[in-house]
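Visitor: After the sequence you'll find the predicted model.
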Amino acid sequence: GEGWGEGTLRVGLGGESLQMSGLSEEQEAALSCRYGPLCRDAGGTDDDGVTFVQLFRADPRDFLPAAPGEELPLEVRHRRGEVHLASCDFMGRLELGEAMAGSLWTPTKGDPAFLGAFENFARVVVAYRLLARGGLLLHSSGVVDGDGHARLFAGRSGAGKTTIARLSRAERREVLSDDINVVVPTSDSTYVAERLPFAGELVSPPAAPRRFPVGGVYLLRQGEE
């Protein structure tokens with residue numbers, strides 16, 4: 001396919017890096033603005049793994065229209081050594097293995113639609129890279145307690161993840177995310193949580209990566225009051 005442009009940018013996510021090539025100037029500026037301190041020069045040295053992704057143009061007529069006000073669907077198909085993704089604004093392919101690589105097709109040329117397509121694809125990339133080193137993406141709300149430990153609250157949609165994050169922020173506690181958090185093992189057989197620039201309702205400006213020892217994981221059930 002045909003790329004959107006000649007731009008290349010690397011974004012650090014959860015101890016991994018995603019390097020996107022084929023960006024237009026508008027797309028590169030949108031990513032730089034959204035992810036700020038997480039962006040790095042392409043080709044720089046990193047201590048983490050890098051997934052190289054090529055961006056291509058797609059024809060809008062190849063996609064079904066999104067229903068107004070509804071969450072975008074995501075279809076996932078697994079083949080030997082590959083994961084294929086499709087939604088209303090992008091198609092993607094991720095090649096699995098020790099050295100991962102991917103391709104992303106989208107008809108969206110700029111913010112905010114392009115950022116949504118990038119994030120949906122990036123979540124899948126990060127999930128597989130974390131699994132390869134014994135970590136995971138946990139659908140949860142993450143809050144840092146007074147002792148500097150991360151408390152992670154998991155649950156079904158509507159169970160109260162965002163409510164806990166909102167109340168914690170009001171109490172001036174640090175909130176990692178109200179939607180999804182990185183959990184990775186350490187060399188001493190403990191686990192740490194790390195902030196990702198992915199969120200539900202409580203979007204915060206991206207910040208330099210910080211890790212907190214996991215102090216507990218809790219399953220929420222919504223009460224009647």
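Guide: Noted; the coordinates are in hand.

Visitor: Report the separation between the closest residue in space to L220 that isn't next to it in sequence and L137.
Guide: Nearest residue to L220, sequence neighbours excluded (Cβ to Cβ, 6 or more residues apart in numbering): G155, at 3.4 Å. C-beta: built from backbone N, CA, C; applies to glycine. G155 is 15 Å from L137, where distance means Cβ to Cβ, to the nearest Å.

Visitor: before we move on, the earlier item: so the residue nearest to L220 makes contact with K161?
Guide: Yes. Using Cβ atoms under 8 Å as the test, G155 is close enough to K161 to be in contact (5.8 Å).

Visitor: Can you give me the buried ones in the lengthiest helix in the chain?
Guide: The helix that spans the most residues within the chain, counting by DSSP state H, is helix 113-132. Residues 113-130 are the ones in helix 113-132 that count as buried (16 or more other Cβ atoms under 10 Å).

Visitor: ok so S140 is a helix residue?
Guide: No. Under DSSP: H, G, I helix; E, B strand; the rest coil, S140 sits outside any helix and is assigned strand.

Visitor: Show me the beta-bridge partners of it.
Guide: A154 (DSSP bridges).

Visitor: Return the residues in contact with it.
Guide: Counting by Cβ atoms under 8 Å, 6 or more residues apart in numbering, S140 makes contact with L152, F153, A154, G155, K161, S177, D179, I180, N181, V217.

Visitor: Around A99, count how many other residues there are.
Guide: 10 (other Cβ atoms under 10 Å).

Visitor: next structured bit after the lowest-mean-pLDDT helix or strand in the chain?
Guide: When the helices and strands of the chain are compared on mean pLDDT, DSSP states H and E, strand 39-40 comes out lowest with a mean of 86. Next helix or strand after strand 39-40 toward the C-terminus (DSSP states H and E): strand 49-57.

Visitor: So which bits of that next one are buried?
Guide: By neighbour count with 16+ other Cβ under 10 Å, strand 49-57 contains the buried residues G49, V50, T51, F52, V53, Q54, L55.

Visitor: now the residue positioned nearest the centre of the chain, nearest residue through space, not along the chain?
Guide: Closest to where the C-alpha atoms of the chain average out (Cα atoms, centre = their mean) is R123, at 3.6 Å. Among residues not flanking R123 along the chain, F198 sits closest, at 6.3 Å (Cβ to Cβ, 6+ apart).

Visitor: From P107, how far off is R61?
Guide: Applying Cβ to Cβ, the value for R61 to P107 is 9 Å.

Visitor: In terms of helices and strands, where is S17?
Guide: Element membership of S17 [criterion: DSSP H and E] is strand 16-23.

Visitor: Give me the contact list for that strand.
Guide: Residues from elsewhere that reach strand 16-23, judged by Cβ under 8 Å, 6+ apart: 3-11, 31, 40, 42, 46, 48-56, 104, 118, 122, 125-126, 129-130.
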